[in-house]
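Engineer: Sequence plus the predicted model coming up.
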Amino acid sequence: MNILFCSGEAYPFSKTGGLADVAASLPKALNQIGHQVKIITPYYQSITNQNTETKYVGSSVIQMGDISQPVAFYQTNYQGVTYLFVKNDDFFYRPQLYGYDDDALRYTFFNFAILEYIKITKDYPDVLHANDWQTGLLPFFLDIRYRRLNAQFNRIRTILSIHNLEKQGSFPIETEKLFGHKNFTYIHMNRVNFLKCGIMRANIINTVSENYKNEILTRFFGFSLDGPLKSRQNDLYGILNGLDHDLYDPKTSKSLYENYGTDDFESSKKINKKLLITKLGLVFDLEKPMVAFINRFSRQKGIDILMSTLESYLKKDALTLIAIGSGDPLYELFFMEMQKKYPKQVYYHQGFDYDLSQKVYAASDLFLLPSLFEPCGLNQMIAMRYGALPIVRNTGGLKDTVRSYNQNSGIGTGFAFENYDAKELSETIDYALDMYHHDHETWNDLILQAMTVKHSIVKMARQYEELYLMISNN
Ligand code: GLC
């Protein structure tokens, strides 16, 4: 089948979160199983900065109410997949991807531009795959402006994947002037809501784990969209994200000081730990368990309960911590302060660094992700593969990917706690630290189980294929 995968970000060209990773791995895997998938995404400044070689494809003009704006399309090939870039420098040649006052206009433009690309190239997909709020208007624009153009347009089916329900693209009601057509499906609490529009109008909707799919139908996890989601419950699916094993493999990763597998992780992880702290110029105690926290710093990731727990361990000199990430300045400040106060135990790298993060996964004994909510989560999967045992809250995709250690069966790939509560988090950390120090055998056995968990992107792709076929046959 022909799929056009539409995303506000796509690794390695642009990234704020896990969506960018899935936008790269899912099309790649779908291509591997025989489909023709292209990714379409804005031509951000980061793409120019990376000196990406792109080829001109065509251009057009987008009409949005009284505003008309030129668009040009470029393409490149990365790992066998075609990436199409939507270029308009006024809108996208900026240091950040989102968070500007004119985001409503910029992403209205992006949604129209995707359909315009199809129109001018006649490269009709069978399925238009939208992701998150940035492309939530696609099914609506297709219906109001493009389906009637010809039979090929009219045949296109749509799917919306929800990776993040908290960010909805909610804008003042005046935004609708840009659409040239009024409709109630994009209205939510008297504002224009891009994600709700996609939820109401896509042929099918999915989110990135089965457990999270059920959670978002409840008030707490629904972020006020549980009503619209319930109204589409029969068309709502959960497909667990996979992990691209080509990108994350301790056996082959070029980032590691020493590669390893299930038979030599114990000695190799120690070497990775030792060299990492030497290279970073740190004076960490090697005997202490090393804990990693690698994330987008947002409330979602459970940093609030971590903030009320972590310092007690640092005071006791019970662990060392490497944190990598950026986001909410409040959280960045917290890790900066911890580093300043406990330089022998804490290292914080602001921002994201693929190479460093792999070194940290390989060096670490534990990985923290005590999320408030988590659609899927990819980092706990990487951690497991690199033999860093995850400590997670039993929510969303974390529940579907981490098996909390069960003393009776001996089965486990990490440690999980139930309630969003600092005390439960610290009890779980205590439990893990106790095992680290006193039950070497079980500890290594858990690492072995964690390293061999498979989260295949091919399995994920097969499940998406099923959804694509289902909507195409309807
Ligand atoms: C978002 C979610 C995360 C998910 C990722 C990819 O970043 O917060 O849980 O893994 O998207 O789907």
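Structural biologist: Now that the structure is in, tell me what you want to look at.
Engineer: Tell me which residue in the stretch 1-150 of the chain sits closest to the ligand.
Structural biologist: Gly18 (2.6 Å; CB to the nearest ligand atom). No exception for glycine: its C-beta is placed from N, CA and C like everyone else's.
Engineer: Doesn't Phe91 belong to a helix?
Structural biologist: Yes. Under DSSP: H, G, I helix; E, B strand; the rest coil, Phe91 falls within a helix.
Engineer: My read is that it contacts Arg106, right?
Structural biologist: Yes. Phe91 lies in contact with Arg106 (CB atoms under 8 Å); the separation is 4.5 Å.
Engineer: tell me what the helix or strand Lys340 falls within is packed against?
Structural biologist: Using DSSP states H and E, Lys340 sits in helix 329-341. Secondary-structure packing of helix 329-341 (3 or more CB pairs under 8 Å, 6 or more residues apart in numbering; DSSP states H and E): strand 290-297, helix 303-307, helix 310-315, strand 320-327, strand 346-350.
Engineer: Assign a three-state SS to Lys359, would you?
Structural biologist: helix.
Engineer: for Tyr257, that is, sorry about that
Structural biologist: With three-state DSSP as the basis, the three-state label of Tyr257 is coil.
Engineer: which secondary element of this protein has the worst mean pLDDT?
Structural biologist: Least confident helix or strand of the chain, by mean pLDDT, DSSP states H and E, is helix 45-49 with a mean of 93.
Engineer: Tell me which helix or strand comes right after that one.
Structural biologist: Taking DSSP H and E, what comes next after helix 45-49 is strand 55-64.
Engineer: Would you mark the buried spots in that following strand?
Structural biologist: Residues of strand 55-64 classed as buried: 57, 60, 62, 64 (neighbour count, 16 or more other CB atoms under 10 Å).
Engineer: now for that strand, which elements pack on it?
Structural biologist: Against strand 55-64 (3+ CB pairs under 8 Å, 6+ apart) you get strand 67-78, helix 103-121.
Engineer: what do you get if the cut-off is 10 Å, keeping everything else the same?
Structural biologist: Applying 3 or more CB pairs under 10 Å, 6 or more residues apart in numbering; DSSP states H and E, one finds that strand 55-64 contacts strand 67-78, strand 81-87, helix 103-121.
Engineer: Test my guess that Phe13 contacts Thr52.
Structural biologist: Yes. The pair Phe13 / Thr52 is scored as a contact, 6.7 Å apart, by CB atoms under 10 Å.
Engineer: any common contacting residues for those two?
Structural biologist: 43, 46, 76, 78, 83, 85 (CB atoms under 10 Å, 6 or more residues apart in numbering).
Engineer: In this model Ala318 seems to touch Gln345, though I could be wrong.
Structural biologist: Yes. Using CB under 10 Å, Gln345 is in contact with Ala318, at 9.0 Å.
Engineer: Around the ligand, pick out the residues from the stretch 301-450 of the chain.
Structural biologist: Counting by CB under 6 Å from any ligand atom, the stretch 301-450 of the chain comes close to the ligand at 374-378, 397.
Engineer: what number of residues lie near Asp421?
Structural biologist: 15 (other CB atoms under 10 Å).
Engineer: give the contact list for it.
Structural biologist: Per CB under 10 Å, 6+ apart, neighbours of Asp421: 305, 308-309, 370, 393, 427.
Engineer: how far away is it from Gly238?
Structural biologist: 26 Å (CB to CB, to the nearest Å).
Engineer: Mind checking what secondary structure the closest residue to Ser7 other than its chain neighbours has?
Structural biologist: Once flanking residues are discounted, Ser7 sits nearest to Ala23: 4.0 Å by CB to CB, 6 or more residues apart in numbering. On the three-state scheme (three-state DSSP), Ala23 is labelled helix.
Engineer: which residues touch Ala23?
Structural biologist: Ala23 makes contact with 5-11, 13-15, 39-41, 83, 129, 131-132, 161, 163 under the criterion CB under 10 Å, 6+ apart.
Engineer: State the distance from it to Ser357.
Structural biologist: Ala23 sits 18 Å away from Ser357, taking CB to CB as the criterion.
Engineer: Same question for Lys399.
Structural biologist: Counting by CB to CB, the gap from Lys399 to Ser357 is 24 Å.
Engineer: go on, Gly180?
Structural biologist: Note on Gly180: its distance to Ser357, by CB to CB, is 44 Å.
Engineer: Looking at these two, which one has more neighbours?
Structural biologist: Neighbours per residue (other CB under 10 Å) separate Gly180 from Ser357, with Ser357 holding more: 22 against 14.
Engineer: pretty sure that one contacts Leu247?
Structural biologist: No. Contact status for Ser357 versus Leu247: not in contact, 11.1 Å apart, counting by CB under 10 Å.
Engineer: what's the burial count for Leu149?
Structural biologist: 12.
Engineer: er, Glu418 actually
Structural biologist: Glu418: 12 surrounding residues under other CB under 10 Å.
Engineer: thought it was touching Arg393?
Structural biologist: Yes. Between Glu418 and Arg393 a contact is recorded at 7.4 Å, counting by CB under 10 Å.
Engineer: Give me the common contacts of these two.
Structural biologist: 399, 424, 428.
Engineer: re earlier: any common contacting residues for Gln345 and Ala318?
Structural biologist: Looking at what touches both Gln345 and Ala318 (by CB under 10 Å, 6+ apart), the common residues are 288, 291.
Engineer: When these two are compared, which one has more neighbours?
Structural biologist: Gln345 (24 against 16).
Engineer: Need the overlap of contacts for Ser357 and Leu247.
Structural biologist: Contacts common to Ser357 and Leu247, judged by CB under 10 Å, 6+ apart, are Ile382.
Engineer: re the thing from before, need the contacts of Asp421 in TSV (columns: neighbour count and pLDDT).
Structural biologist: What follows is the contacts of Asp421, written out as TSV (neighbours: other CB atoms under 10 Å; pLDDT from 0 to 100):
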residue	neighbour count	pLDDT
Ile305	21	98
Ser308	13	94
Thr309	20	97
Pro370	28	98
Arg393	25	98
Glu427	14	98
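Engineer: Among those, which one lies nearest to the ligand?
Structural biologist: Nearest to the ligand among the contacts of Asp421, with distances taken as CB to the nearest ligand atom, is Arg393, at 12.4 Å.
Engineer: Tell me if I'm right that that closest one and Leu425 touch.
Structural biologist: Yes. Arg393 is within contact range of Leu425, at 7.7 Å (criterion: CB under 10 Å).
Engineer: Give me the common contacts of the two.
Structural biologist: Residues touching both Arg393 and Leu425 (CB under 10 Å, 6+ apart): 302, 305, 370, 417, 419.
Engineer: Give me the neighbour count for the residue lying closest to the third one once chain neighbours are set aside.
Structural biologist: Excluding its sequence neighbours, the residue lying closest to Pro370 (CB to CB, 6+ apart) is Gly302, at 3.5 Å. When counting by other CB under 10 Å, one arrives at 25 neighbours for Gly302.
Engineer: distance of Gly302 from Asp102?
Structural biologist: 32 Å.
Engineer: again, but for Asn203
Structural biologist: 30 Å.
Engineer: Kindly report the same for Gly238.
Structural biologist: 34 Å.
Engineer: Which of the two has more residues huddled nearby?
Structural biologist: Gly238 (21 against 12).
Engineer: Pull the contacting residues for the residue nearest to Pro370.
Structural biologist: Listed by CB under 10 Å, 6+ apart, the contact partners of Gly302 are 293, 295, 368-374, 392-393, 395, 398, 420, 422, 425.
Engineer: So what's the residue count around the residue lying closest to Glu53 once chain neighbours are set aside?
Structural biologist: Of all residues not flanking Glu53 in the chain, Thr76 sits nearest, at 6.3 Å (CB to CB, 6+ apart). For Thr76, the neighbour count with other CB under 10 Å is 15.
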